[in-house]
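# return atomic coordinates for the entry below.
(chains A and B)
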Protein chains: 2
Amino acid sequence: MPVVAPGLNRSARKRKLILDAATQAFLGHGYDGTSMDDVAALAAVSKPTVYKHFADKERLFYEIVLATTDPMSDLVRLVANAFLNTDDLERDLRAFARQFIRALMQPDVLRLRRLVIANAERFPEMGRAWYEHGFERALAALADQFQRLTEQQLLAADDPQMAANHFVGLLLWIPINRVMFTGVTDVTSDAELTHFADAAVRVFVRAYGRS
Amino acid sequence: MPVVAPGLNRSARKRKLILDAATQAFLGHGYDGTSMDDVAALAAVSKPTVYKHFADKERLFYEIVLATTDPMSDLVRLVANAFLNTDDLERDLRAFARQFIRALMQPDVLRLRRLVIANAERFPEMGRAWYEHGFERALAALADQFQRLTEQQLLAADDPQMAANHFVGLLLWIPINRVMFTGVTDVTSDAELTHFADAAVRVFVRAYGRS
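Prediction:
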């Protein structure tokens, strides 16, 4: 049986320092704007130490991008718990939409999105892995919920996958694209996010509700 | 009165050669992956000639990105003519959606989208200009149509701007993001594009139709 974890050992601690520094550097300056020297300096370790842990910049980049699909697990949990034993689906969809839009409009999430998109053509495996482990996983969790709600006759989504696509598209098309194109992460006020969430839910319920 | 245009003069011809070469280079290799040397070589002109026309790489990049909002005018025209004297709105929305999704899923349009997003944080004015002249212009034209259709009692869009956002979000969220993240421009088959278009219109009409 494992005893209480004695914390990370020295090597693992350095690895974590490097990963944190590299995340900051890549998100701030992009792939081309970041060198292994920058990462070493930011992590306050030597360059050979960086190379001991990561063979090259590309490997380091992959590792960081894929590590960021972990927070998706929080999102998937959020989805899974959103409509359990609901007795007012529209109200619960609205509460969920408001949380979901805020989770995806975090500045670091948006910066990561830009970083992945910017480099997807150059590193297609990285892009595909992020799409599958991040983007599609959240959609699949939502589709599961819509299927269950349809079985419970609370929703009428014959194609739950498409319904999940529609829900997210209604919700995020404008606020996400606004940030992606203008480069500013705080152009959408909190009140606007609520407005987008509520408007999306109104349309979704009209289209997929059981009336 | 001007006589028949005698064609571009030598300097304008060179300028056009440089712009075409730079477009190809930037779309293919990104901002950082393109040098003024590459552009000169690709255009088969000398480097001083490139600099005579464009002060620096950044200026050249701006010019190219903003030139690509011109094709948006075709899209705006497509929107403006889509529902004139309609006697079957759902059919005409479907025809329009199928054209619109194909126009935006052109490989070069998608590559440009990636290029703008990749550099939006670095060149925010460029991103904002593209967002306003490209993205928002097409949405505004669609909102005008939805307002007119609502006045004609063919649609019930109290907030035509939001209705336009929803129409486009329903239509494009999945196919565009799939390309943006995976880096592959031909992952979505023609049959799938039609399927996305028809599904989006079905939901839109259920939510915004007059029933």
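# from here on, contacts and neighbour counts on C-alpha atoms
Fine.
# interface residues of chain A facing chain B?
A:32, A:114-118, A:120-125, A:127-128, A:130-131, A:162, A:165-174, A:178, A:180-184, A:199-200, A:203-204, A:206-208 (Cα under 8 Å from any Cα of the partner chain).
# just the buried subset of those, written out for PyMOL, thanks.
This is the PyMOL syntax for the buried subset of these, where burial follows 16 or more other Cα atoms under 10 Å in any protein chain shown:
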select buried, chain A and resi 114+115+116+117+118+120+121+123+124+127+128+130+131+162+165+166+167+168+169+170+171+172+173+174+178+180+181+182+183+184+199+200+203+204+206+207+208
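# show me the residues of chain A next to chain B that map onto helices.
Within the residues of chain A next to chain B, residues falling in helices by DSSP state H are A:114-118, A:124-125, A:127-128, A:130, A:162, A:165-174, A:178, A:180-182, A:199-200, A:203-204, A:206-208.
# how much space separates the most centrally placed residue in chain A from chain B?
Among the residues of chain A, A:Met72 comes closest to the average C-alpha position under Cα atoms, centre = their mean, at 5.2 Å. Distance of A:Met72 to chain B, computed by Cα to the nearest Cα, to the nearest Å: 16 Å.
# if I've got this straight, that residue is in a strand?
No. Using DSSP: H, G, I helix; E, B strand; the rest coil, the assignment for A:Met72 is helix, not a strand.
# now do the contacts for it.
A:Gly134, A:Arg137, A:Ala138 (Cα atoms under 8 Å, 6 or more residues apart in numbering or on different chains).
# export those to JSON lines and tack on neighbour count, secondary structure and pLDDT?
What follows is those, written out as JSON lines (neighbours: other Cα atoms under 10 Å in any protein chain shown; DSSP: H, G, I helix; E, B strand; the rest coil; pLDDT from 0 to 100):
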{"residue": "A:Gly134", "neighbour count": "20", "secondary structure": "helix", "pLDDT": "84"}
{"residue": "A:Arg137", "neighbour count": "18", "secondary structure": "helix", "pLDDT": "90"}
{"residue": "A:Ala138", "neighbour count": "22", "secondary structure": "helix", "pLDDT": "90"}
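# from those, which single one is nearest chain B?
Distance to chain B across those (Cα to the nearest Cα) is lowest for A:Gly134, with 10.3 Å.
# these two touch, right, the closest one and A:Ala67?
No. Judged on Cα atoms under 8 Å, A:Gly134 makes no contact with A:Ala67 at a distance of 10.2 Å.
# any weak-confidence spans in chain A?
Chain A contains residues with pLDDT under 70 at A:1-7, A:71, A:211.
# domain ranges for it?
Listed by automatic domain parsing, the domain ranges of chain A are A:10-64, A:68-208.
# which of the ones you listed is buried the deepest?
domain A:68-208 (a mean of 19; mean count of other Cα atoms under 10 Å in any protein chain shown).
# now do it: distance to the chain's middle.
Offset of domain A:68-208 from its chain centre (Cα atoms, centre = their mean, to the nearest Å): 9 Å.
# returning to that earlier point: next one: the residue nearest to the centre of chain A relative to A:Met180, how far apart?
20 Å (Cα to Cα, to the nearest Å).
# do the same with A:Ser189
16 Å.
# is the closest residue to A:Trp130 other than its chain neighbours in a helix, a strand, or coil?
In space, and not counting its chain neighbours, A:Trp130 is closest to A:Leu66: 6.2 Å by Cα to Cα, 6 or more residues apart in numbering or on different chains. Following three-state DSSP, we place A:Leu66 in the helix state.
# only alpha carbons, please: show stretch A:28-43 as PDB.
Extracted C-alpha coordinates of stretch A:28-43, given in PDB (Å, rounded to 0.1, in the frame of the first residue of the first chain):
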ATOM      1  CA  GLY A  28       2.500  34.300 -24.400                       C
ATOM      2  CA  HIS A  29       4.700  34.200 -27.500                       C
ATOM      3  CA  GLY A  30       3.600  31.300 -29.600                       C
ATOM      4  CA  TYR A  31       5.600  28.400 -30.900                       C
ATOM      5  CA  ASP A  32       8.100  30.400 -33.100                       C
ATOM      6  CA  GLY A  33       8.400  33.100 -30.500                       C
ATOM      7  CA  THR A  34       9.600  30.700 -27.800                       C
ATOM      8  CA  SER A  35      13.100  29.100 -27.600                       C
ATOM      9  CA  MET A  36      14.500  26.400 -25.300                       C
ATOM     10  CA  ASP A  37      16.700  29.200 -23.900                       C
ATOM     11  CA  ASP A  38      13.600  31.200 -23.000                       C
ATOM     12  CA  VAL A  39      12.100  28.100 -21.200                       C
ATOM     13  CA  ALA A  40      15.300  27.400 -19.300                       C
ATOM     14  CA  ALA A  41      15.600  31.000 -18.200                       C
ATOM     15  CA  LEU A  42      12.000  31.200 -17.100                       C
ATOM     16  CA  ALA A  43      12.200  27.900 -15.200                       C
END
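# tell me the one of the contacts of A:Met72 nearest A:Ala43?
A:Gly134 (26.9 Å; Cα to Cα).
# distance of the closest one relative to A:Lys14?
27 Å.
# likewise for A:Ala55?
15 Å.
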